[in-house]
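Trainee: After the sequence you'll find the predicted model.
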Amino acid sequence: MKTDAFQEALRQRGVRFANRFQGTWHDYENVDAVLAIRDCPPVVMATKPASKLINAWKARVPAMLGPEPAYRELRRSPLDFLETDSAEAVLDAIDRLQGSPELYQAMVENGMKRAEAFDDNLLAARWIELLEEARERNRRETRAPLLRYARYLWNRQKISLVKRLSGWRD
């Protein structure tokens, strides 16, 4: 997607690509759609949240996203996002959105409904619940420090093994 050919294909479609890698990556004001595709190992993808999808829903714009676990986990309908894993798939998705205003509008309306589950007050309540659970778990584990330390060592080894097997290097 960094090639001149891809950029030219966008221009032919009347699309201006706004690269938002730094600074305003989260600001979807004045965009018509979101494109987010990463090229990194699966172990890294597994740790990435679905922020771009949720932000697209809240901004009322369709999203074209790579095949990431977090996005797929939230998917309930084909209207949630268009999965794109290559430059060709992105161009096809753009053609679909430009050629079908009904699809574009349906994705916007679907996203508005989906965004309701990510209301700030609702999320704050979920975080409070999670932190209270963590506090209780910490109380239990404080009574058994050896078990806590064993879990810590086990998790470190598991992370290290997954990184080595996937070829990921820090």
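Mentor: Sure, I can see it.

Trainee: which SS state does residue 96 fall under?
Mentor: Classification of residue 96 using DSSP: H, G, I helix; E, B strand; the rest coil returns helix.

Trainee: How much space separates it from residue 159?
Mentor: Per Cβ to Cβ, to the nearest Å, residue 96 is found 39 Å from residue 159. Heads up, the C-betas are built off the backbone N, CA and C, glycines and all.

Trainee: Using the record, which stretches count as separate domains in this protein?
Mentor: Domains of the chain are assigned by automatic domain parsing as 4-118, 121-166.

Trainee: Pick the most buried one from those domains.
Mentor: Comparing those by mean neighbour count (mean count of other Cβ atoms under 10 Å), domain 4-118 comes out on top with a mean of 15.

Trainee: Endpoints of that domain, how far apart?
Mentor: Using Cα to Cα, to the nearest Å, the end-to-end distance of domain 4-118 comes out at 38 Å.

Trainee: Ok, stretch 79-91 next?
Mentor: Termini of stretch 79-91 sit 17 Å apart (Cα to Cα).

Trainee: Give me the mean pLDDT for that stretch.
Mentor: Averaging pLDDT along stretch 79-91 gives 96.
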